[in-house]
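Enquirer: Build the 3D model from these lines:
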Amino acid sequence: MPQPDKRVLLAEGLAAGDDDIALHSRLVTAGVSAAAAKYEVDRLAKDPMAAMLRKQAARMAKQRWLLANHERLAREAEGGFALDTLDAVDPYHFYRHYYDANRPAKLMGIVDHWPALARWSLDHFAAAAGDAMVEAQVERDPDYELAKDDHRRLVRFAELIDWLRKDEASNDIYLTAYNSGTNAAALAPLWGDMAPIALLDGTRTRDGFFWLGPKGTLTPWHHDLTNNLLVQVIGRKRVRMAPPWAFARMRNSRHCFSDWGNEALPAGDGDSAVPPVLETVIGPGEAIFLPVGWWHQVEALDLSASMSFTSFRRPNVHVEDYASWGEL
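Expert: Next comes the predicted model:
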């Protein structure tokens, strides 16, 4: 029987905040003799790396306590842990109580003035930009979010539209915000169907990211590195959200993605293993504010066209000090 790697066991214990007694027990449970375990634990007193691991574990424990306080405050708030729906919200109220507070909200009445609500259809898209070459994400295998570049394909917009007319449920083709760098010029005729949104920076009039796909497109659990406003124009999307303070339950093992994938985590308070989840459906003319750091998963319930925006009245610059791209 192979001998356990004592240094790995010690490192895991130190990172978990084990004291000397717990470290000794960890080693013995793994098959190390009591005498050898005592020797290894005693050696740690002179090991600077062990000292730093213990200090870091204490810092992490403090952070967990702080996040637990955020959870307690959210649950004790009037109405409990819930998603507010705001109708034609005043910008000051939105920024003071939602944007600045890192709190999501479903928004109604903010794009009622958009011609797109009446104009946008597959026929309109074909007439406005059918001959343009657009980029979409295709053949989306289980790693499609981690390997976005591998799924980029150019296609004539009219061909994509003809495929969408079949109204078949699929997650294999989706024109997303990631394709916007290529598609901004090709889809420029559609921007005239929109108008400024009072909640956003009015100087950036042609900002925004276009999403188009069939029923069944899925965006797996992840958090964004900016605040986002998702506006629905055609069809419906189901949006599930989990708060930043539930980080320990989000199974974050790489970058901003969760190992929950597209798991339909149930709406509710969660438990010690499952995060608390807020759930809503947005339809034409409705929007959802997704604050930076909030986990979310999105499913198209119908043929869907959406716009997302990051051009708020605040700097919204959070990526510059994000240093854990491939470390988690």
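Enquirer: Low-confidence bits of the chain, can you list those?
Expert: Of all residues in the chain, those with pLDDT under 70 make up the ranges 1.
Enquirer: what residues go with each domain of it?
Expert: With automatic domain parsing serving as the domain definition, the record reports that the chain contains domains spanning 6-72, 81-309.
Enquirer: so how far is the shortest one from its chain's centroid?
Expert: Spelled out, it's domain 6-72. Counting by Cα atoms, centre = their mean, to the nearest Å, domain 6-72 is centred 32 Å from the centre of its parent chain.
Enquirer: and H222, which of the three is it?
Expert: Reduced to three states with DSSP: H, G, I helix; E, B strand; the rest coil, the structure at H222 is strand.
Enquirer: beta partners of it?
Expert: Following DSSP bridges, H222 is listed with bridge partners F257, H296.
Enquirer: That one touches D259, doesn't it?
Expert: No: using Cβ atoms under 8 Å, H222 and D259 do not qualify as a contacting pair, with a distance of 10.8 Å. In short, each C-beta sits where N, CA and C put it, glycine included.
Enquirer: Counting neighbours, go ahead and name the busier of those two.
Expert: H222 (19 against 12; other Cβ atoms under 10 Å).
Enquirer: For that one, give me its contacts.
Expert: Counting by Cβ atoms under 8 Å, 6 or more residues apart in numbering, H222 makes contact with 145, 256-258, 295-297.
Enquirer: same thing but at 7 Å, please
Expert: With contacts defined as Cβ atoms under 7 Å, 6 or more residues apart in numbering, H222 is in contact with 145, 256-258, 295.
Enquirer: related to what we said a few turns ago, can you add distance to Y322 and give the domains of the chain back as CSV?
Expert: Formatted as CSV, these follow (distance: least, Cβ to Cβ, whole Å):
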stretch, distance to Y322
domain 6-72, 17
domain 81-309, 6
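Enquirer: Helix or strand for A37, just tell me which one.
Expert: Following DSSP states H and E, the helix or strand that holds A37 is helix 34-43.
Enquirer: Alpha carbons of that helix, in CSV - could you do that?
Expert: What follows is helix 34-43 as a C-alpha-only set of coordinates in CSV (Å, rounded to 0.1, in the frame of the first residue of the first chain):
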residue,chain,number,x,y,z
ALA,A,34,1.4,8.4,15.5
ALA,A,35,5.2,9.0,16.1
ALA,A,36,5.8,10.1,12.5
ALA,A,37,2.8,12.3,12.6
LYS,A,38,4.1,14.0,15.8
TYR,A,39,7.5,14.5,14.3
GLU,A,40,6.0,16.1,11.1
VAL,A,41,3.7,18.4,13.1
ASP,A,42,6.5,19.5,15.5
ARG,A,43,8.6,20.5,12.5
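Enquirer: quick thing: my sequence starts at 24, can you match it?
Expert: Okay, residue one is now 24; in that scheme the one you just asked about reads as helix 57-66.
Enquirer: and it, which residues are buried?
Expert: By neighbour count on 16 or more other Cβ atoms under 10 Å, the buried set for helix 57-66 is 60, 63-64.
Enquirer: before we move on, what about stretch 153-163?
Expert: For stretch 153-163, burial by neighbour count (16+ other Cβ under 10 Å) applies to 153, 155, 157-161, 163.
Enquirer: is it fair to say E322 lies in a strand?
Expert: Yes: membership of E322 in a strand is supported by three-state DSSP.
Enquirer: Pull the number of nearby residues for R77.
Expert: The criterion is other Cβ under 10 Å. On that basis, R77 has 17 neighbouring residues.
Enquirer: same for whichever helix or strand it is part of, what does it pack against?
Expert: Assignment of secondary structure by DSSP H and E places R77 within helix 71-99. In terms of contacts (3 or more Cβ pairs under 7 Å, 6 or more residues apart in numbering; DSSP states H and E), helix 71-99 is packed against helix 29-38.
Enquirer: outside of the following helix or strand past the helix it packs on, which residues touch it?
Expert: Next in sequence after helix 29-38, counting helices and strands by DSSP H and E, comes helix 43-52. Helix 43-52 has contacts (Cβ under 7 Å, 6+ apart) with 29, 32-33, 36, 41, 57, 60-61, 63-64.
Enquirer: Distance to T303 added to the residues you listed, as a markdown table?
Expert: Formatted as a markdown table, the entries for the contacts of helix 43-52 read as follows, by distance: Cβ to Cβ, whole Å:
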| residue | distance to T303 |
| --- | --- |
| K29 | 50 |
| L32 | 45 |
| L33 | 46 |
| G36 | 42 |
| D41 | 42 |
| A57 | 56 |
| A60 | 52 |
| K61 | 56 |
| E63 | 52 |
| V64 | 51 |
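Enquirer: of those, closest to K85?
Expert: Distance to K85 across these (Cβ to Cβ) is lowest for D41, with 16.7 Å.
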